[in-house]
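In: I'd like to go over a predicted model; first the sequence, then the structure.
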Amino acid sequence: MAPEGPAVQGTLDDLGTPLIGVTFVVVDLETTGGSAHDDAITEIGAVKVRGGEVLGEFGTLVDPGMPIPPFITVLTGITQRMVVAAPRIDQVLPAFLEFARGAVLVAHNAPFDMGFLKAACAAQERPWPAPAVLDTADLARRLLTRDEVPNCKLSTLARFFRTATEPCHRALADAKATVDVLHGLFERAGAFGVESLEELRSFSRAPTPEQRRKRHLADAVPAAPGVYIFEDARGEPLYVGKSGRLRTRVRSYFTASETRRGVREMIGIADRVRTIVCASALEAEVRELRLIAAHKPRYNRRSRHPERAVWLKLTSEPFPRLSIVREVRDDESVYLGPFASTRLAEEARTAVHDAVPLRQCTQRLTLRLISEGRAGTCVLGELGRCGAPCEGRQSPESYAEHAAHARAILTGDVRPVVAASRAR
């Protein structure tokens, strides 16, 4: 087994996008009704925040271009007279989108607000910028219990988090209250080990005590591509995986975003995480397959259709070639796999052929066929992609050097493949 890679000190970037560095625009709308297609916006209020600091505010009434129903006036206090001199949405929307450009949008019951904003963009034939969106109502349902709050209405959460501004169905006031609710939810999420935007968006429920207790197992994991192996106290592999960013991937196993029952059970047994740093994602994939095939870790998902798995085989003959097969036999050949599909195996074979000029014909090439001149020939010899042993231009001893290089690649040393891929 290959030695572990050197330890690399990680940075905050390895954990995803830290919440403290994300710019959020918390928005609230007042409208003439509940349908984004039949009703219109009467007020937009928004607050831009980052790291707990307010960076700016945006607030304006909007002329909806239609009557405001009396019950909406009773609810919001916005009258027809108030919006007569207000700008129309075609004037307000570009300014708001510029205010929110590059930020994560936050709203309470976000589908409602996003629906009206998207409809306004569509009416103006303006592309929707598709920003990341957080819904404080949805977050509250996942982070708070019924014992703490009976429901997730903004007014209820405002009382629970003791917001500085009381929501009152006016856009800017409600946006300010939602800012305080958002920060309260951040604190609650932080108690569960959620520190990045990615973790917050994928958060579903609290991590188990074992996940919290064993979070330190990810501390020494480097920020590099490679393979990670969860091991028990005896050093037996429990689970093998690969990632382009080892530290980020391994750390995710100890957060609330990891909800698979089997994986949480595995975390309870795991005693350490060993890593193998690789030069590329291709090398990591090869090593992962080798380790899974060698150790058969109990928590790696087994294929439901093992008969569909394929292997890449370096045949045992005077002039070995790479062949795609569906079973591993007890012979002198070298096998790489299993691959989930023939396409993946073909891609691996192509990568090896780029690095080593093995013959690519499918005939069983024997010395007798060559000496009698009955071996088939192909154009690859003329292109320099093959030494043309079929024509007697390459001896078994010379070809054996290529076979040895291919055997080394299939058993772990993928540096020639990486070099050939980069050159290509």
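Out: Good, I have the coordinates.
In: Okay, buried residues for the helix or strand encompassing A406 please.
Out: Using DSSP states H and E, A406 falls within helix 396-410. Applying a neighbour-count criterion of 16 or more other C-beta atoms under 10 Å, one finds 399, 402-403, 405-407, 409-410 buried in helix 396-410. For the C-beta atoms, the positions are set from N, CA and C on the backbone; glycine is no exception.
In: Let me have the residues you listed in a markdown table, adding pLDDT and distance to E53 as columns.
Out: Output for these, formatted as a markdown table (pLDDT from 0 to 100; distance: C-beta to C-beta, whole Å):
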| residue | pLDDT | distance to E53 |
| --- | --- | --- |
| Y399 | 80 | 69 |
| H402 | 83 | 63 |
| A403 | 83 | 64 |
| H405 | 86 | 59 |
| A406 | 85 | 59 |
| R407 | 86 | 60 |
| I409 | 84 | 54 |
| L410 | 83 | 56 |
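In: Using a markdown table, please lay out those together with distance to K313.
Out: Shown next, in a markdown table, are these (distance: C-beta to C-beta, whole Å):
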| residue | distance to K313 |
| --- | --- |
| Y399 | 17 |
| H402 | 16 |
| A403 | 12 |
| H405 | 16 |
| A406 | 11 |
| R407 | 11 |
| I409 | 13 |
| L410 | 9 |
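In: Closest one of those to R290?
Out: Nearest to R290 among those, counting by C-beta to C-beta, is L410 at 8.7 Å.
In: Okay, V25 and L97: tell me how far apart.
Out: Applying C-beta to C-beta, to the nearest Å, the value for V25 to L97 is 10 Å.
In: These two: which is more packed in?
Out: Higher neighbour count among V25 and L97: V25, with 24 against 17, using other C-beta atoms under 10 Å.
In: Could you give the bridge partners of that one?
Out: K48, L105 (DSSP bridges).
In: Go ahead and confirm it touches V104.
Out: Yes. The pair V25 / V104 is scored as a contact, 7.3 Å apart, by C-beta atoms under 8 Å.
In: which regions of the stretch 151-300 of the chain lie under the pLDDT threshold?
Out: For the stretch 151-300 of the chain, the stretches with pLDDT under 70 are 204-208, 256-257, 259.
In: Mind giving me the packing neighbours of the top helix by length along the chain?
Out: Counting by DSSP state H, the longest helix found in the chain is helix 171-191. Under the contact criterion of 3 or more C-beta pairs under 8 Å, 6 or more residues apart in numbering; DSSP states H and E, helix 171-191 touches strand 23-31, strand 41-50, strand 53-61, strand 104-107, helix 136-143, helix 154-161, helix 197-202.
In: what angle do the fifth one and helix 154-161 make?
Out: Angular relation of helix 136-143 and helix 154-161 on a 0 to 180 degree scale: 50 degrees, by axes from the mean of the first three to the mean of the last three C-alpha atoms, to 10 degrees.
In: Likewise for the first one?
Out: Per the same axes, to 10 degrees, the angle that strand 23-31 makes with helix 154-161 is 140 degrees.
In: Run through the neighbouring helices and strands of the helix holding A406.
Out: Helices and strands touching helix 396-410, by 3+ C-beta pairs under 8 Å, 6+ apart, are strand 310-314, strand 334-339, helix 342-355, helix 415-423.
In: Just the C-alphas of that helix, formatted as CSV.
Out: Extracted as CSV, the C-alpha positions of helix 396-410 are listed here (Å, rounded to 0.1, in the frame of the first residue of the first chain):
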residue,chain,number,x,y,z
PRO,A,396,9.3,-10.2,-26.8
GLU,A,397,12.1,-8.9,-24.6
SER,A,398,11.7,-5.3,-25.8
TYR,A,399,7.9,-5.6,-25.6
ALA,A,400,8.2,-7.0,-22.0
GLU,A,401,9.5,-3.6,-20.9
HIS,A,402,6.2,-1.9,-22.0
ALA,A,403,4.2,-4.7,-20.3
ALA,A,404,6.2,-4.1,-17.1
HIS,A,405,5.4,-0.4,-17.2
ALA,A,406,1.7,-1.2,-17.8
ARG,A,407,1.8,-3.7,-14.9
ALA,A,408,3.2,-1.0,-12.6
ILE,A,409,0.5,1.4,-13.6
LEU,A,410,-2.3,-1.1,-12.9
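In: Can you tell me what sits against that helix?
Out: Residues outside helix 396-410 that contact it (C-beta atoms under 8 Å, 6 or more residues apart in numbering) are 312, 314, 318-320, 322, 334-336, 352, 355-358, 367, 387, 389, 416-417.
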